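>>> pasting the sequence and the predicted coordinates here, then a few questions.
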Amino acid sequence: MKRNALRLIPLLMVASVALSACHSASQARPSTPTPTAASSSVSQESPSAQPTAAESTPEEPDITLTVAATGDILPHKRLMPDTRTKGKTQISHLLSAIKPYIAGADLALCHQEAAVAFDGVDFEGFPEFQMPQQWISDIKDLGYDGCSTASNHTYDHAFEGLTHTLTTLTSHGLGTAGSQSTEKQLPYQMYDVTKDGRTIKIAHLSLTYGLNQQYARGTSAAKVLGSRPWSVNADNVDQTIEWAKQARQAGADIVIVSAHQGREYHTEPSEGQIEWGKRFAQSGVVDLYIGHHPHVPGAITKIPGGVDGDGMWAYYSTGNLLASMQPKNTTATQAEEIALATITVPAHGVPHVSQAGWVALTADLKTHRVVPISEALSSQASGLGESTQAVQKQYALLHQAVGDEAVELTTPPHQDDAVKVVPEPRI
């Protein structure tokens with residue numbers, strides 16, 4: 001399926017053809033063409049006031065958008081003491097160093113792995129996580145526009161926990177994708193991103209390999225979900241592709257899939273990750289694949305296929321964002337990344353992912369602050385507990401895992417204040 005192109009084409013040709021076809025054109029009053037949604041910048045004046053064919057019309061420039069995406073946020077018990085500040089449980093101060101990259105992106109997507117805690121509950125750690133409600137305010141304040149919600153922990157607190165999580169996210173103006181509180185909800189989140197007078201529609205889908213409950217009970221995700229099989233998008237690649245097609249039919253210019261898949265603590269892509277990547281790339285309807293779940297970084301690569309046959313960029317795993325996993329698992333759990341992709345929107349053509357960039361992060365287990373490695377190694381970030389040697393080891397692990405196809409970035413993107421992101425209602 002071909003993508004919808006964003007075209008800003010003056011409708012002067014329409015008026016010209018209408019005039020030449022009229023028998024009494026010299027006496028009739030020509031009607032003013034009505035601009036389409038994509039050509040709202042065309043003047044509403046009569047054709048006589050429009051530039052003639054001989055006059056030059058300024059070429060509409062290409063524009064670019066940046067999309068930032070990050071990995072797992074988990075309220076581990078060891079993390080919680082460092083979240084206490086001024087009588088509140090917050091994470092803004094732990095993630096403040098990455099805010100320029102999140103707030104500076106035109107669209108920023110988090111991964112909401114844990115359920116949001118019910119009223120009266122502070123938090124709950126492994127194995128059935130509940131995230132403090134205040135953290136959702138912090139996520140919004142950091143600059144995120146929405147979150148993927150499909151993970152193996154989505155159903156930790158059953159359907160009630162799922163609906164409470166979605167309600168909390170949407171009440172803070174955040175989009176959601178990957179779980180549904182009603183069967184009538186759209187299975188994708190559409191974002192209207194307006195920049196330089198043009199609106200680009202970006203659809204976001206999310207799916208998980210499965211749910212913890214199905215493995216604990218020796219059953220299937222469908223049996224865990226019971227009469228609500230639609231509530232979590234679990235191991236549903238074919239259906240996700242169909243939903244991506246529906247999103248394009250609804251006007252999506254770009255489709256992003258967040259995939260919760262892989263082997264924990266393994267930086268090499270698993271068979272499941274590779275299979276999912278190939279299937280989405282070969283579908284011809286997915287532009288970008290963002291992975292998480294292994295808790296460590298993974299390869300960034302361009303998979304043959306894609307919407308225009310030029311390949312689909314895949315981030316197999318962005319690693320964690322905020323957690324407290326000890327080195328006994330692997331030092332790579334402290335090596336993290338921000339996926340920072342660039343979308344080019346041509347004046348006359350189809351939007352496409354033109355660059356896959358990434359930002360190297362270090363998670364300091366002694367303070368639980370998350371800091372760009374470029375800052376940590378240049379001493380711009382003070383008060384870190386990790387040694388320079390430890391950070392350098394994480395940096396080397398990142399490069400080994402990520403590979404050399406994507407571009408490492410050390411400067412935050414600059415978002416124009418005029419950029420506006422609106423998550424469309426899913427109902």
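Structure received. Numbers count the residues shown, from 1 in each chain.
>>> quick one: residues contacting Tyr101.
The neighbourhood of Tyr101, defined by CB atoms under 8 Å, 6 or more residues apart in numbering, consists of 68, 338, 340, 359, 372, 412-413. C-beta here means a position set from N, CA and C on the backbone, and glycine is covered the same way.
>>> PyMOL command for the buried members of those residues?
Those of these that meet the burial criterion (16 or more other CB atoms under 10 Å) are gathered into one PyMOL selection, given here:
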select buried, resi 68+338+340+359+372+412+413
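>>> mind listing which of the contacts of Tyr101 are in strands?
Mapping the contacts of Tyr101 onto strands (DSSP state E) picks out 68, 338, 340, 359, 372.
>>> just these now: which is nearest Gln282?
Nearest to Gln282 among those, counting by CB to CB, is Leu340 at 25.3 Å.
>>> distance of the closest one from Ala376?
Distance, Leu340 to Ala376, by CB to CB, to the nearest Å: 18 Å.
>>> then Leu109?
24 Å.
>>> neighbour-wise, which of those two wins?
Shown here are Leu109 and Ala376; by other CB atoms under 10 Å, Leu109 has more neighbours (28 against 24).
>>> the stretch 201-350 of the chain: strands as residue ranges?
If DSSP state E, counting those that start in this stretch is used as the criterion, the strands of the stretch 201-350 of the chain fall at 254-260, 288-292, 300-303, 312-315, 320-322, 335-345.
>>> select, out of those, the one closest to Leu142.
Where the strands of the stretch 201-350 of the chain are weighed against each other on CB to CB, the nearest is strand 320-322, at 10.2 Å.
>>> what's in contact with the closest one?
Contacts of strand 320-322 (CB under 8 Å, 6+ apart): 70-74, 79, 91, 94-95, 110-111, 295-296, 333, 336, 361, 363, 368, 370.
>>> same thing but at 10 Å, please
Contacts with strand 320-322, where a contact means CB atoms under 10 Å, 6 or more residues apart in numbering, come from 69-76, 79, 83, 91, 94-95, 98, 110-111, 113, 135, 292, 294-297, 332-338, 361, 363, 368-370.
>>> give me the phi and psi for the residue most central in space within the chain.
The C-alpha lying nearest the average C-alpha coordinate of the chain belongs to Leu109 (CA atoms, centre = their mean; 3.7 Å). The phi and psi values for Leu109, taken as degrees, to the nearest 10, are phi -120, psi 130.
>>> who's in contact with it?
For Leu109, the residues meeting the contact criterion (CB under 10 Å, 6+ apart) are 67-70, 102, 144-148, 174-175, 177, 189, 191, 202, 204, 206, 256, 258, 290, 339.
>>> so it bridges to which residues?
Legend: beta-bridge partners of Leu109 under DSSP bridges are Ala69, Gly146.
>>> gap between it and Ile139?
Computed as CB to CB, the Leu109 to Ile139 distance reads 11 Å.
>>> likewise Phe280?
26 Å.
>>> show me the helices in the stretch 201-350 of the chain, by range?
212-217, 221-225, 237-249, 271-283 (DSSP state H, counting those that start in this stretch).
>>> any chance of those helices in CSV, with mean neighbour count, distance to Gln355 and mean pLDDT too?
Converted to CSV, the helices of the stretch 201-350 of the chain look like this (neighbours: other CB atoms under 10 Å; distance: least, CB to CB, whole Å; pLDDT from 0 to 100):
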stretch, mean neighbour count, distance to Gln355, mean pLDDT
helix 212-217, 15, 36, 94
helix 221-225, 18, 35, 96
helix 237-249, 18, 22, 98
helix 271-283, 19, 17, 98
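>>> tell me the contacts of Pro412?
Contact partners of Pro412, counting by CB under 10 Å, 6+ apart, are 66, 68, 98-105, 338, 340, 359, 372.
>>> between those residues, which is closest to Gly305?
Looking across the contacts of Pro412 and measuring by CB to CB, the closest to Gly305 is Leu340, at 22.4 Å.
>>> can you name the two of the contacts of Pro412 that are farthest apart?
Of all pairs in the contacts of Pro412, the most separated under CB to CB is Thr66 and Pro372 at 15.7 Å.
>>> by mean pLDDT, point me to the weakest helix or strand of the protein.
When the helices and strands of the chain are scored by mean pLDDT, DSSP states H and E, helix 12-21 comes last with a mean of 36.
>>> separation between Gly251 and Pro269?
Between Gly251 and Pro269 the distance, using CB to CB, works out to 32 Å.
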